[in-house]
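>>> Please find the sequence and the predicted model below.
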Amino acid sequence: MLVDRYGRPLRAPTKDELETEQAVPTLGSVRQIATGHPAEGLEPLRLAAILHSAETGDATAYLELAEQMEEKDLHYAAVLGVRKRAIRSLELKVEPGAEDDTGAQEAADLVRDALHGPAVRTSLIGILDAIGKGYSVSELIWDRSGPRWTIAGIERVDPRWFEFDQLTGRQLRLRGLAGGEELRPWKFVVHFAEAKSGLPIRGGLARLAAWGFMFKHFTIRDWAIFTEAYGHPLRIGKYDPALASAQDKATLLRAVRSMGTDMAAIIPNNMLVDIITTAVSGTQELYERTARYWDEQISKGVLGQVATTDAIAGGHAVGKIHEEVRGDIRDADADDLAATLMRDVATPLTQLNFPPGTPVPVIRFEPPERVDPEQLLKLMEIAGPAGLRIAHADIYRAFALREPSEGEEVLAFSPAPPVMIRPGGPAIPAPERPLALPSPGRRELAARSADDAHEDAITAAIDEMIDGGGMQQRMDGLLDELLEGIRSAESPEAALELVARFEARAPDADLRELLARAIFGARMAADMGADLK
């Protein structure tokens, strides 16, 4: 038996119910596009009344306030937009509900096409409007012109047109003159994004940020008044109470006001205006600090941190931690959205187009795979010569390069020059300029004077170490351990970490001694012309 999101038996909708919209505005009903503006003149008692009314069943004023907060507060609109749009950095994946089921594979293909189509993909930000308001409702527009039911569009519905039931406070109903109407099955995408546990209407970030919004705008209002009056002198008009009429008083008042704005006025000669200059000291810093404080609190409430929105001290480490916090919140939002899409999009598509019992596809959001190019270069440099096979496509993808087509002109690079290694010391890079070779005449003279039977000492030493097998045995012992670790690594990151540890580890003591003796002997042979043996 099929059940809805509340566990109630699900009634199969008719074709007409699927193809006609249910949540539409009507003249003279409670579903209208006209809206109130509760943010105007907002003060603590009124805000408390709005929030209390939302808890008890009438959330209209609260939802209108949440909408106005995004329009009136630039900072709140910015951080809320960042959180909602963070989902675009993730990759949407759809997998079959069962591996060995042909119907499950076909259902996954159908759902994948629907989710990657413009009708659904462009509606994800609208669905995530629930992050601010606590819930969002979108109506599915079905199309049956083809062989299967498909989604032609997703229309966002004004959340003010819905109400929660009085019994549980969790079941949404469509508002109407005759009371709430039940939502048609397979027609709506209802998303709850609870910033905290409890009733859905209390889970939106707008409720959390409303107090900071109000106190911040108190500060902005006072700052604007201070800015307007800053540097303006105090103007006092004087009149004789025994002689001045009401008209004279009005004339004097207009003159005093005009002197503050137009810097010009006329008054009768029997009236007096005193201009008192006062020194106004720098209290503007208080307003700025207070406004910035509330901005930071709103950033913490919406994004969980302030480093990505406000300039703070702390360096790279603090910034990295804050970025991880932001990523955790993004992933949590993605998990909630994936569950909603599985329930309200993937399930109807599967049940309308496939036989009963067909597994519903699984929807996930995953971050794109990223590899540190610097670590990849180290892996290629160390593990590549040791036998690790690396696909060319992985290299191009890691560096965001396009693989050249056949016959396309490409850059050619010469191999890196060799380095000299001192026993127990760092590598000595080759000189920046290549060594000058002797002229052909000198080379011929040197060749004629050299003993052809005398083998080069350094070449002989190298051949001896290779032919004897000592060098190979010691290198095999080191590289076998590295290659075995790379083969058993669970991820590229684990392999890179293993290579980094191998690179930092000192060579084997016997190998170090063998190389030191060979280098010392080669230098002595070069200086004295003697055989290494």
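Yes, it's here. Numbering: from 1, shown residues only.

>>> Where do the strands of the stretch 251-400 of the chain begin and end?
Along the stretch 251-400 of the chain, the segments classed as strands by DSSP state E, counting those that start in this stretch run 272-276, 362-366.

>>> Ok, the stretch 1-150 of the chain next?
Using DSSP E, counting those that start in this stretch, strands in the stretch 1-150 of the chain cover 91-95, 135-143, 150-157.

>>> between those strands, which gets nearest to Thr340?
strand 135-143 (9.4 Å; CB to CB). The way it works is simple: take the backbone N, C-alpha and C, and place the C-beta from them, glycine included.

>>> Just the buried residues of that closest one, please?
135-142 (16 or more other CB atoms under 10 Å).

>>> could you say what helices and strands that strand packs with?
helix 124-127, strand 150-157, strand 188-192 (3 or more CB pairs under 8 Å, 6 or more residues apart in numbering; DSSP states H and E).

>>> so can I have TSV of the strands of the stretch 251-400 of the chain showing mean neighbour count, mean pLDDT and distance to Asp344?
Below are the strands of the stretch 251-400 of the chain laid out as TSV (neighbours: other CB atoms under 10 Å; pLDDT from 0 to 100; distance: least, CB to CB, whole Å):
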stretch	mean neighbour count	mean pLDDT	distance to Asp344
strand 272-276	11	69	68
strand 362-366	17	94	11
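
>>> Now tabulate those in TSV and tack on distance to Val94.
Output for those, formatted as TSV (distance: least, CB to CB, whole Å):
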stretch	distance to Val94
strand 272-276	74
strand 362-366	6
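
>>> between those, which one is nearest to Leu27?
Nearest to Leu27, of the strands of the stretch 251-400 of the chain and by CB to CB, is strand 362-366 at 39.0 Å.

>>> Which elements pack onto that closest one?
strand 91-95, helix 315-341.

>>> let's see 10 Å
strand 91-95, helix 102-116, helix 315-341 (3 or more CB pairs under 10 Å, 6 or more residues apart in numbering; DSSP states H and E).

>>> and the longest one, how far out from the chain's middle?
If I follow you right, that is helix 315-341. Computed by CA atoms, centre = their mean, to the nearest Å, the chain-centroid distance of helix 315-341 equals 7 Å.

>>> Could you shift the numbering so residue one becomes 22, and keep it that way?
Sure, I'll start numbering at 22, so the last one becomes helix 336-362.

>>> Run through the neighbouring helices and strands of it.
Using 3+ CB pairs under 10 Å, 6+ apart, helix 336-362 is in contact with helix 95-106, strand 112-116, helix 123-137, helix 145-148, helix 151-154, strand 209-213, helix 305-324, strand 383-387.

>>> Most tightly packed of the ones you listed?
helix 151-154 (a mean of 25; mean count of other CB atoms under 10 Å).

>>> Enumerate every residue touching Ser159.
Counting by CB atoms under 10 Å, 6 or more residues apart in numbering, Ser159 touches 44, 141, 144-145, 147-148, 150, 174-178, 208-212, 361, 365-366.

>>> The closest residue to it other than its chain neighbours and Glu344: what is the separation?
Setting aside the residues directly before and after it, Ser159 is nearest to Val210 in space (CB to CB, 6 or more residues apart in numbering), at 4.4 Å. Distance of Val210 to Glu344, computed by CB to CB, to the nearest Å: 30 Å.

>>> related to what we said a few turns ago, among the strands of the stretch 272-421 of the chain, which is nearest Glu429?
Comparing the strands of the stretch 272-421 of the chain by CB to CB, strand 383-387 comes nearest, at 32.8 Å.

>>> can you list the residues that contact the closest one?
Here strand 383-387 has contacts from 108, 110-119, 125, 129, 132-133, 136, 145, 351-352, 354-356, 358-364, 366-367, using CB under 10 Å, 6+ apart.

>>> Repeat the analysis, applying 6 Å as the threshold.
111-116, 355, 359, 362-363 (CB atoms under 6 Å, 6 or more residues apart in numbering).

>>> With distance to Ala516 added, can I get the helices and strands packed on helix 336-362 in JSON lines?
JSON lines is the format used below for those (distance: least, CB to CB, whole Å):
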{"stretch": "helix 95-106", "distance to Ala516": "34"}
{"stretch": "strand 112-116", "distance to Ala516": "22"}
{"stretch": "helix 123-137", "distance to Ala516": "31"}
{"stretch": "helix 145-148", "distance to Ala516": "35"}
{"stretch": "helix 151-154", "distance to Ala516": "38"}
{"stretch": "strand 209-213", "distance to Ala516": "39"}
{"stretch": "helix 305-324", "distance to Ala516": "33"}
{"stretch": "strand 383-387", "distance to Ala516": "20"}
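
>>> other SSEs contacting the host helix or strand of Val520?
According to DSSP states H and E, Val520 maps onto helix 513-525. Helix 513-525 sits against helix 394-404, helix 491-508, with contacts defined as 3 or more CB pairs under 6 Å, 6 or more residues apart in numbering; DSSP states H and E.

>>> Between its first and last residues, how far does stretch 133-148 reach?
18 Å (CA to CA, to the nearest Å).

>>> and if you look at stretch 218-237?
Counting by CA to CA, the terminal residues of stretch 218-237 are separated by 26 Å.

>>> in that stretch, what's buried?
Buried-residue list, stretch 218-237, by 16+ other CB under 10 Å: 221-231, 233-237.

>>> ok, now stretch 161-174?
So for stretch 161-174, counting by 16+ other CB under 10 Å, buried means 161-163, 170-172, 174.

>>> Looking at those, which one is closest to Ile71?
Using CB to CB, the buried residues of stretch 161-174 come closest to Ile71 at Leu161, 31.5 Å.

>>> mind giving me TSV with the contacts of strand 383-387 and columns for pLDDT and distance to Leu307?
Formatted as TSV, the contacts of strand 383-387 follow (pLDDT from 0 to 100; distance: CB to CB, whole Å):
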residue	pLDDT	distance to Leu307
Leu111	92	42
Glu112	92	47
Leu113	93	48
Lys114	94	51
Val115	95	54
Glu116	95	56
Ala355	94	41
Ala359	96	46
Leu362	96	48
Met363	96	51
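
>>> Having no further points to raise, I will conclude here.
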